[in-house]
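K.L.:
Dropping a prediction and its sequence here:
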Amino acid sequence: MDTITTRELKERLAELQGQEVSLQGWIRSHRKQKNMGFIDFYDGTCFKNPQVVYDSAIADFDKIQAFHVGSAVRVTGKVVPSYKDPETPEIQASQITLEGDCPEDYPLQPKRHSVEFLREIAYLRPRTRLFQAVFRIRSVAAMAIHTYFQDRGFVYVHTPLITANDAEGAGNTFTVTTLPLGEKPDFTKDFFGKQTALAVSGQLEGETFAMAFSNINTFGPTFRAENSNTKTHAAEFWMIEPEMAFCDLNRLMEIEEDFLKSIVKYVLDRCPDELKFLDGFTGGGLLDKLNALTESSFARITHEEAITILRKAMENGTEFQFTPEYGGDTAKEHEKYLTEEYFHSPVLVYDWPKEIKSFYMYQNDDGKTVRGVDLLVPGAGELMGGSQREDRLEKLTERMDELGISKETMDWYINLRKFGGCTHSGFGMGFERLLIYLTGVENIRDVIPYFRTPMNCDF
């Protein structure tokens with residue numbers, strides 16, 4: 001008899017009712033009675049798994065009753081209706097064979113475990129229902145992103161993970177070197193003959209490909225050596241960074257809105273069981289939030305308009321810990337007010353103060369602002385950051401001089417403005433930030449398989 005997966009069983013349930021099937025997987029829980037037993041079985045291919053029922057008529061009944069939680073088993077039996085859930089089958093077992101035993105001190109006993117405890121055993125947490133839901137959604141969301149760009153003719157570009165440039169100009173990089181530790185480094189003698197680091201972004205290299213293919217996207221790991229222990233920061237994370245030639249700021253904002261709605265809709269359509277579970281796990285409201293986003297119209301305001309709204313709110317009695325300033329950044333509390341209390345929708349905030357944004361953003365005629373845009377969403381705050389890129393050679397080099405960015409080492413980037421440059425734009429979105437939004441799981445450590453944060457590099 002061929003072995004099938006629980007996913008196949010669910011998809012072919014009507015056809016297989018009353019038929020004998022064979023499954024392979026693990027025991028999540030095992031309830032034993034005098035003359036029968038109930039196994040909560042899973043194989044990871046489907047979120048809603050069948051219950052395996054056996055009675056004293058089965059061969060080796062006493063041995064089966066001794067099977068431990070966590071053990072790998074092969075089950076053969078008849079598919080019968082479940083009285084608890086008509087959509088989830090039940091297996092009346094005729095044979096259960098032990099494939100791999102598990103000791104009684106197995107950490108994942110059938111009880112609720114805290115996410116903090118599960119981080120300590122991150123190599124086992126994919127076996128829990130919570131992380132089966134989270135990492136299935138991670139997989140589906142990744143496919144949604146690739147599908148979105150491929151269906152629209154984007155070229156998927158693999159930008160380097162080792163680089164000699166700091167795209168953000170922030171200096172929070174991990175140095176890559178083969179030089180001995182404890183000595184003053186002479187990078188001319190290093191492996192690459194210059195100082196190199198793990199990439200904080202693939203944007204600048206992505207721009208070079210946009211000048212050849214028109215529309216490209218990247219999707220890969222990036223690294224930032226920020227000594228931050230917040231729920232939304234990690235030293236290693238994944239980024240999605242499309243770059244589009246002949247695209248201005250207005251078109252960029254249209255794409256950002258369409259992109260996010262499409263990804264959320266894709267996940268809603270393909271992960272209903274996982275999202276229903278997470279909706280309950282996070283206290284409700286997750287499904288309402290995601291469905292509302294797909295149907296909403298994103299508000300668009302300038303940074304100046306945003307600050308005016310926030311300051312008027314303070315005049316009317318709203319209290320903020322941080323005072324909103326016209327030349328300054330917005331805080332989480334400001335983003336929350338704009339999205340959840342004022343507009344009741346996602347908000348695209350554009351035309352940001354020049355002094356708090358990156359050197360490559362297009363400078364507006366006022367000399368004070370740049371054509372940058374942040375997408376804020378209810379329940380998460382900033383989800384995407386993008387801009388129209390500066391395509392004027394003189395403006396770009398002037399800004400680099402102001403910030404002390406070497407034109408010599410960045411000559412290849414500057415040359416894009418010489419050799420057939422054009423209006424172009426792009427955005428970046430942290431994949432884990434998106435997953436926090438999609439799952440309702442609030443900590444970045446719980447939406448990436450093995451988190452890398454200050455003082456944490458286990459497994």
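P.N.:
The structure has been received and is ready for your questions. Numbering: from 1, shown residues only.

K.L.:
So residue 52 belongs to a strand, correct?
P.N.:
Yes. Counting by DSSP: H, G, I helix; E, B strand; the rest coil, residue 52 is located in a strand.

K.L.:
That one: what's its closest spatial neighbour, skipping adjacent residues?
P.N.:
Using C-beta to C-beta, 6 or more residues apart in numbering and skipping residues adjacent in sequence, the residue nearest residue 52 is residue 39, 4.0 Å away. C-beta coordinates here come from the backbone N, C-alpha and C atoms, glycine included.

K.L.:
mind listing the helices for the protein?
P.N.:
With DSSP state H as the criterion, the chain has helices at 6-11, 13-16, 61-65, 115-120, 129-151, 203-213, 249-270, 272-281, 286-295, 303-315, 332-336, 393-403, 411-418, 431-439.

K.L.:
Just give the nearest non-adjacent residue to residue 275, would you?
P.N.:
Here the residue nearest residue 275, using C-beta to C-beta, 6+ apart, is residue 287, at 5.9 Å.

K.L.:
quick one: contacts for the one you found?
P.N.:
If a contact means C-beta atoms under 8 Å, 6 or more residues apart in numbering, then residue 287 has 268, 275, 276, 279 as its contacts.

K.L.:
if we can go back for a sec, nearest to residue 231, of the helices of the chain?
P.N.:
Residue 231 lies closest, by C-beta to C-beta, to one member of the helices of the chain: helix 431-439, at 8.1 Å.

K.L.:
so what's residue 242 up against?
P.N.:
149, 154, 206, 215, 216, 217, 218, 255, 259, 426, 427.

K.L.:
can you pull up the bridge partners for the closest residue to the third one other than its chain neighbours?
P.N.:
Using C-beta to C-beta, 6+ apart and skipping the chain neighbours, the partner closest in space to residue 206 is residue 243 (4.4 Å). Counting by DSSP bridges, residue 243 forms beta bridges with residue 216, residue 426.

K.L.:
Quick check: residue 243 vs residue 325, distance?
P.N.:
Distance, residue 243 to residue 325, using C-beta to C-beta, to the nearest Å: 31 Å.

K.L.:
Could you do residue 427 as well?
P.N.:
Residue 427 is 25 Å from residue 325, by C-beta to C-beta.

K.L.:
Need the pLDDT of residue 57.
P.N.:
Reported pLDDT at residue 57 in the predicted model: 95.

K.L.:
Kindly tell me how buried it is, as a neighbour count.
P.N.:
For residue 57, the count of nearby residues is 9 (other C-beta atoms under 10 Å).

K.L.:
Now do the contacts for the closest residue to residue 433 other than its chain neighbours.
P.N.:
In space, residue 433 comes closest to residue 383 once its chain neighbours are excluded; the distance is 5.8 Å by C-beta to C-beta, 6+ apart. For residue 383, the contacting residues are 260, 375, 376, 377, 429, 433, 434, 437, by C-beta under 8 Å, 6+ apart.

K.L.:
Am I right that the last one is in contact with residue 378?
P.N.:
No. With contacts counted by C-beta atoms under 8 Å, residue 437 stays clear of residue 378, the gap being 9.4 Å.
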